[in-house]
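[1] Build me a model:
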Amino acid sequence: MKLNRFKKPLELALVAALGLTLLLPTVQAGTVAAAGTSTQVIQDKYIAKLQELGFVNGTTDGMDQRTTPITRGEAAIILQKVLELPTPDSVTGFKDLKPGLPETIAVNALKEKGVVGGAGGNFLPNAPLTQEQMASLIVRAFQLQNNDIQATYSDAGKIAKYHRADAERLKQHFILEGNQFNPKNAVTHAEFAQALYRALNLDVAEQGNIPLEDFFRLPEQFGFQASPDGKYLAFLKPWNNRINIYVQKVGEKEATRVTSATERDIYYFSWASDTKLIYPQDTGGDENYHLYSVDVDGTDNKDLTPYPKVTVMLIDDLKDRPDEILIGLNKRDPRIFDAYRLNLNSGELTLAAENPGNITGWMTDNDSKIRIAISSDGIVSSLLYRETEDQPFKPLLTTKLDESFSPLMFTEDNKQLYALSNIGRDTSALVRYDLASNKIVETIYERTDSDVLGFIPNKKNKTIAAAIYETDKQGLYFFDKELEQEYRKLEGKLPGMQISVLGGSLLEDQSMIFAGSDRSYGTYYNYDRKSGELKVLAKIAPWLDEERMAEKKPISYQSRDGLTIHGYLTLPKGVDPTNLPVIINPHGGPWSRDSWGFSPEVQFLASRGYAVLQVNFRGSTGYGKKFLEAGNKEWGKAMQNDLSDGVQWLIKEGIADPKRVGIYGGSYGGYATLAGLAFTPELYAAGVDYVGVSNLLTFMETIPPYWESERAMFYARVGDPVKDKEMLMASSPIFHVDQIRAPLFVVQGANDPRVNQAESDQIVKALQARGVEVPYMLKANEGHGFANVENQLDFYRAMEKFLNRHLKQQQE
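    Model prediction:
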């Protein structure tokens, strides 16, 4: 009785990548200083730090002559110290290196390490080190890899071919900046110190910092699910740098890996029977999800939907039929999903219900019969019903754009529905709906301050045990008092944690629970009800110390037109919360909301000294229909004003340094980043756009085919590209690039089906046409957000350096 379980939420739709760049004066590579700070002051700081670390001494390496060219020999001496290379076994690599001299030892040590090459020739230790030679030395010494930032120079043709890739690496890793490389120029001692300082990451590293990799490592273990018969426990765990499925027999210690995914992580699976699992996977982020199956012993691993350009959604796992499941598949028409019975052994598809063209979801009753369908044209939606599968569907209930009715579960007798509805009210309530009379017969639970999100069922009799809602944090309203008593016991054992039960019930003798918080990634426990014992099953990230994480505090402020805007503020731990560098982090969707809980991104940014503000601006879900509707056709306008008002609130509270406010977001948050830089350039000192829309007109032209039924909704909530063309142009950052003043870093997946790569390309090109340099990371094997951990690490490492350069070094 699941609706579209494999289909990603629609609210993640609005996303594109865009390449804006920085409107700062172009400077020569190797001489970039922070705004308002002299190059000499910055470079003196670099030299002083290198001296403190013992890497330079000012005598044998010439660092006391900061403005003079550094020689090749001096550079080699410094690099040997930095890399801590031992005295080499041989010092006969070059004719012009005299035995016993420091540069001779250093050059041959670097040769053994593979940093310099050649044999029998001359090294020219007293010759000035050129810019292109320095590039190759630094890249080889620190093994800098291609991170897919598009790095170019206006004088690239002057760079020797064997140095060209290395010159690009320096720019990719923010070691050098600028449109000109000047490859034959001699490098000064100070410029070499600057490049070395940045290559060592000393510009971002701080004493006691948690390593960046710890925030974004693959989880140790997660996603625990017991088999229907309780004999096996399956979970997700890394193997060869990819998440795979493992199965462990209950009572045994060893687990067996049953999948061998190497291209993409497996982030979801389900038990199809006591001995078979199913899971979805796409290719390179294209979101064409195929459904795979594997037996509990790792055999018979196969693609059950081996069709081109299709995506699958699970309708019902048919627990009473171990060889079949019910799926939605857009095989016949990419725009719509028909319902099929899928044989897990043979892969045979049997049509269960043909989509006439407007069905967006199917639902089964307690006997796994398709009894409910939802039709929609994007504005008007209808609940369709049939008493038996032999009868045609008939419309029962119709809602408009501002209304919602979402069926969740049939009652035990299959005659009524539990649903979420805001019909006749502002917030969504949990209701009981009678199919025969076509009426809502009971409001089970409602709130005036927030929508009800769902419920915890009593699986024995198909009743409601508790309602789930979310204000600043998720809450439960219990109808089953015995269950509430058990839940409160757990809260006492796990104070401050948000607790959920996995698969079973707290009223059973044994249950599996998950507990996490804003400072804890989360822990899985086995809970013994009789003894009250909690036994740790696994921690998602045991290497992260909760005590070193920052608190995510709920906040609120008034918008300029009188709305109460809610959000979350995370302050760096152990730092005076005044005059801080700030990251505004708008969520995606935009028809979703940020929630309280653990965020690796937020904790990472806070650990680097940034205050992070997450804003549930108008148009966010969870706060009722009026708040949602207040965002209609307000992209770049009132929705953006809510973010700007958040910046002003932080400044008024004394938290933010007005000169060091950055904005970073993905999906709609990427659009908001671009809009912030284009429409309020005075507010932001830097921006990072992660798959964000730049041109609302072209965005509307490239939505995926299976969103076609929602096109009218996009027109109503965002704008009609014909009727509202002028408004959409006014709200599209691409048409306002001349107003962007702050540096911008753009990140995009080439296979993004939600926001085409062209969205990013066009804004990058528009800025480059104005002579603006644009760091643009484009990953060929990613889609709407990066999934592969190596790509994530490339992104966050680059973002760390970019933000540090433009938000922190401004105060030096």
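
[2] Kindly confirm my reading that A798 is in a strand.
    No. Remark: A798 does not belong to a strand; assigned using DSSP: H, G, I helix; E, B strand; the rest coil, it is helix.

[3] Double-check that D761 belongs to a helix.
    Yes. Assessed by three-state DSSP, D761 belongs to a helix.

[4] Count residues in the vicinity of it, would you?
    18 (other CB atoms under 10 Å). Just so you know, the C-beta spots here come from the backbone N, C-alpha and C atoms, and that holds for glycine as well.

[5] same deal with the one 5 residues further on?
    Taking other CB under 10 Å as the neighbour definition, A766 ends up with a count of 24.

[6] In contact with it: list those residues for me.
    A766 makes contact with I734, V737, according to CB atoms under 8 Å, 6 or more residues apart in numbering.

[7] what separates it from I734, distance-wise?
    Using CB to CB, to the nearest Å, A766 is found at 6 Å from I734.

[8] Spit out the residues that contact these two alike.
    Common neighbours of A766 and I734 are not found (criterion: CB under 8 Å, 6+ apart).

[9] Any figure for the gap between A205 and L212?
    In terms of CB to CB, A205 sits 10 Å off from L212.

[10] ok, and for whatever helix or strand E168 lives in, which residues are buried?
    Element membership for E168 (DSSP states H and E) is helix 161-172. Within helix 161-172, the residues that count as buried by 16 or more other CB atoms under 10 Å are H163, R164, D166, A167, E168, R169, L170, K171, Q172.

[11] likewise stretch 423-443?
    Buried residues in stretch 423-443 (16+ other CB under 10 Å): I423, D426, T427, S428, A429, L430, V431, R432, Y433, L435, I440.

[12] likewise stretch 558-573?
    Quick answer for stretch 558-573 (16+ other CB under 10 Å): S559, L563, I565, H566, G567, Y568, L569, T570, L571, P572.

[13] what secondary structure does the last one sit in?
    P572 falls in the coil class when you classify it by three-state DSSP.

[14] Across the sheet, point out what pairs with A611.
    V582 (DSSP bridges).

[15] wait, it sits on I584?
    No. Using CB atoms under 8 Å, A611 makes no contact with I584, being 9.7 Å away.

[16] Show me which of the two is the more surrounded one.
    Remark: of A611 and I584, I584 carries more neighbours, 28 against 24, as counted by other CB under 10 Å.

[17] so what's the backbone phi/psi at the more buried one?
    For I584, the backbone dihedrals (degrees, to the nearest 10) come out as phi -80, psi 130.

[18] Leaving out the residues flanking it, which one is nearest to it?
    I663 (4.4 Å; CB to CB, 6 or more residues apart in numbering).

[19] Also V615?
    G567 (4.2 Å).

[20] for Y307, same thing?
    K331 (5.3 Å).

[21] same thing with F714?
    Once flanking residues are discounted, F714 sits nearest to M700: 6.6 Å by CB to CB, 6+ apart.

[22] what does I77 give?
    A106 (4.5 Å).

[23] Repeat that for V789.
    L218 (5.4 Å).

[24] Over to D61?
    Per CB to CB, 6+ apart, closest to D61 is E74, 4.8 Å.

[25] need the next SSE after the helix holding E168, C-terminal direction.
    With DSSP H and E, the next secondary element past helix 161-172 is helix 189-199.

[26] what's in contact with that following helix?
    Contacts of helix 189-199 (CB under 8 Å, 6+ apart): 30-31, 40, 42-44, 46-47, 49-50, 55-56, 61-63, 65-70, 74-75, 78-79, 82, 129, 134, 138, 141-142, 144, 170, 173-176, 187, 203, 801.

[27] what two of the buried residues of helix 161-172 are the furthest from one another?
    H163 and Q172 (14.6 Å; CB to CB).

[28] What's the mean pLDDT across the helix holding E168?
    The pLDDT scores in helix 161-172 average 96.

[29] Now do that helix: which elements does it pack against?
    Counting contacts by 3 or more CB pairs under 8 Å, 6 or more residues apart in numbering; DSSP states H and E, helix 161-172 packs against helix 131-142.

[30] Can you list the helices and strands that the helix it packs on packs against?
    Using 3+ CB pairs under 8 Å, 6+ apart, helix 131-142 sits against helix 72-83, helix 161-172, helix 189-199.

[31] How many residues are close by G117?
    Neighbours around G117, by other CB under 10 Å: 11.

[32] so the helix or strand of the chain with the lowest mean pLDDT versus helix 72-83, what angle?
    Across the helices and strands of the chain, mean pLDDT, DSSP states H and E gives its lowest value to helix 39-52, namely a mean of 81. For helix 39-52 against helix 72-83, the angle by axes from the mean of the first three to the mean of the last three CA atoms, to 10 degrees is 60 degrees.
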